[in-house]
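*Asks:* Need a 3D model of the following:
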Amino acid sequence: MTTSTSQTTTAPEWRVSLADNTIDDDEIQAVTAVLRSRWLSPGPQTRAFEHDFAEALGCPAAVAVSSGTAALHLAVLALGIGPGDEVIVPSLSFVASAAMVALQGGTPVFADIRSETDPTIDPADVERLITDRTKAIVAMHYGGYPADVAVLAELADEYGVALIEDAAHAPVVEAAGAMLGTLGDVGCFSFFATKNLTTGEGGMVVARDPALLDVIRAARSHCLSSSTWDRLHSGAADYDVSGIGLNYRPTEIGSAIGRIQLEKLAHDRRRRGVLTAAYRERLAAIPGLVAPFGHYDGDSARHLMAVLLPEGVARNDVRSELRERGVQTSVHYRPTHHFTFYRERFGSGEHLLPVTEAVAARLLSLPLHALMSDDDVALVVDGLSDSIVRSSERSRS
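*Replies:* So this is what the prediction gives:
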């Protein structure tokens, strides 16, 4: 018998992938149990995941959603942000935070970052941008390292605006005496496939005000007065709709995976810490290269291993050479205000982002995940060092 196969991708076989996950037989068994239950929409696994996650953060409750973007959208929606409102967001971030503001008719106002060693949103620049139209501030915890959320919370209180924490990179991280996501008015988390805690796609929302979280919980599912699971088990035959909502529900499959992943998070964090230390030791030998957060010794998810290439080094050349060596890289992030839609719709006005501009062209994300070995770190850094030397030689010739 003859069999045939077809290739569906031309992606290289990476020697060291940018990201990976810790999913194993534990998650497979949890998913199998859900499939055997034949109940796939939100039910007991989702409620247990919400409970477990809230308990890990030390807050009363959490709402599971279909993605980190859904979490941000529900935050913006629940806070009543709309036309005429401004929301201050970091440009050096994934596009979702600005997109959800724009989707609701608001105006994203782009703030600068603090420095090349701390690429989180700059509270001083945030304060400079606050106007009587400002409705909220978004603090993104870049790479799993805390933004100065304590100062940002003080600013938010002083000016009477909301603080949204984009904690997509930072699940169960403590800073300023509390867990990230619980210091602002709303905390938003992502469980995308590359995140430290993954459900494939998924997210979570927490809020300081229980009434605000109730709004988010309702809007997650079309503002229905009861869920399908509740109606099935209560015997109720009907439901009411109290407002306009969305379908941002998670699945029982994702929630079952999330519960196991949450249990593994501490081990994942420890391994990432060892790898990050090994990276920093080796990277220190490369002249002109900057590894952000090098002096930070607090709690961190260590989600990204982002570096700034030396001045004058061509990033595309470095990425191409590392790719040839089987090392996957990325860029976190291209600034949102550079994208066509945001440049044409909102522009930058008279406000420039000098630190963001200086840092953005040099950023490069190296592989970092708990399945990497110490030898993988050496391979990545040796390849990076060689490619930087060659790029520098080409620029001089």
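*Asks:* With E344 as the reference, measure out to Y333.
*Replies:* Shown here: Y333 relative to E344, a distance of 19 Å by Cβ to Cβ, to the nearest Å. (C-beta placed from N, C-alpha, C; glycine too.)
*Asks:* Which one of these two is surrounded by more residues?
*Replies:* The neighbour comparison of Y333 against E344 (other Cβ atoms under 10 Å) goes to Y333, with 21 against 8.
*Asks:* Give me the contact list for stretch 327-334.
*Replies:* Under the contact criterion Cβ atoms under 8 Å, 6 or more residues apart in numbering, stretch 327-334 has outside partners 14-18, 92-94, 142-143, 304, 306, 315, 318-319, 322-323, 360, 363-367, 379-380, 383.
*Asks:* Who are the contact partners of the residue nearest the centre of the chain?
*Replies:* The chain has A168 as the residue nearest its centroid, 2.7 Å off, counting by Cα atoms, centre = their mean. The contact partners of A168, by Cβ under 8 Å, 6+ apart, come to G68, F94, M140, H141, C188, F189, S190, F192, K195, G203.
*Asks:* Let me know the closest of the residues you listed to H51.
*Replies:* F189 (15.0 Å; Cβ to Cβ).
*Asks:* thinking again about what came up before, please narrow the contacts of stretch 327-334 to those residing in strands.
*Replies:* Per DSSP state E, strands hold the following members of the contacts of stretch 327-334: A306, L363, L364, S365, L366.
*Asks:* Report the rounded mean pLDDT for stretch 206-222.
*Replies:* Mean pLDDT, computed over stretch 206-222, is 97.
*Asks:* how far out from the middle of the chain is the top helix by length along the chain?
*Replies:* Taking DSSP state H as the criterion, the chain has its longest helix at helix 252-283. Helix 252-283 sits 14 Å away from the centroid of its parent chain (Cα atoms, centre = their mean, to the nearest Å).
*Asks:* same check, this time on stretch 379-390
*Replies:* Its chain's average C-alpha position is 28 Å from that of stretch 379-390, according to Cα atoms, centre = their mean.
*Asks:* Please apply the same query to stretch 37-52.
*Replies:* 23 Å.
*Asks:* Alpha carbons only: can I get it in CSV?
*Replies:* Listed next in CSV are the C-alpha coordinates belonging to stretch 37-52 (Å, rounded to 0.1, in the frame of the first residue of the first chain):
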residue,chain,number,x,y,z
SER,A,37,-18.5,14.6,30.1
ARG,A,38,-19.9,15.9,26.8
TRP,A,39,-20.3,19.4,28.3
LEU,A,40,-18.0,21.9,26.4
SER,A,41,-19.4,25.4,27.0
PRO,A,42,-18.8,27.1,30.4
GLY,A,43,-19.7,24.9,33.3
PRO,A,44,-18.0,23.5,36.4
GLN,A,45,-14.4,23.5,35.0
THR,A,46,-14.7,27.2,34.1
ARG,A,47,-16.1,28.1,37.5
ALA,A,48,-13.3,26.1,39.2
PHE,A,49,-10.7,27.8,37.1
GLU,A,50,-12.1,31.2,38.0
HIS,A,51,-12.0,30.3,41.6
ASP,A,52,-8.5,28.9,41.5
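*Asks:* where in the stretch 101-250 of the chain is pLDDT low?
*Replies:* Residues of the stretch 101-250 of the chain meeting the criterion pLDDT under 70: 235.
*Asks:* if you set the cut-off to 80 instead, what comes out?
*Replies:* Scanning the stretch 101-250 of the chain for pLDDT under 80 picks out 225, 229-237.
*Asks:* Show me which of the contacts of A168 are buried.
*Replies:* Among the contacts of A168, those scoring as buried are G68, F94, M140, H141, C188, F189, S190, F192, K195, G203 (criterion: 16 or more other Cβ atoms under 10 Å).
*Asks:* I'd like the residues you listed laid out as CSV, including secondary structure.
*Replies:* Shown next, in CSV, are those (DSSP: H, G, I helix; E, B strand; the rest coil):
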residue, secondary structure
G68, helix
F94, coil
M140, strand
H141, coil
C188, strand
F189, strand
S190, strand
F192, strand
K195, coil
G203, strand
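*Asks:* Among the residues you listed, which one sits closest to G84?
*Replies:* Comparing the buried ones among the contacts of A168 against G84 with Cβ to Cβ places C188 closest, at 23.0 Å.
*Asks:* what separates the residue nearest to the centre of the chain from A139, distance-wise?
*Replies:* The gap separating A168 from A139 is 12 Å, by Cβ to Cβ.
*Asks:* same for the longest helix of the chain, what does it pack against?
*Replies:* Helices and strands touching helix 252-283, by 3 or more Cβ pairs under 8 Å, 6 or more residues apart in numbering; DSSP states H and E, are helix 25-37, helix 44-57, strand 305-308, helix 374-396.
*Asks:* which of these is buried the deepest?
*Replies:* Among these, strand 305-308 has the highest mean neighbour count (mean count of other Cβ atoms under 10 Å), at a mean of 23.
*Asks:* I'd like the distance from that strand to the chain centre, please.
*Replies:* In terms of Cα atoms, centre = their mean, the centre of strand 305-308 is found 16 Å from the chain centre.
*Asks:* Likewise for stretch 269-284?
*Replies:* On the basis of Cα atoms, centre = their mean, stretch 269-284 sits 20 Å off its chain's mean C-alpha point.
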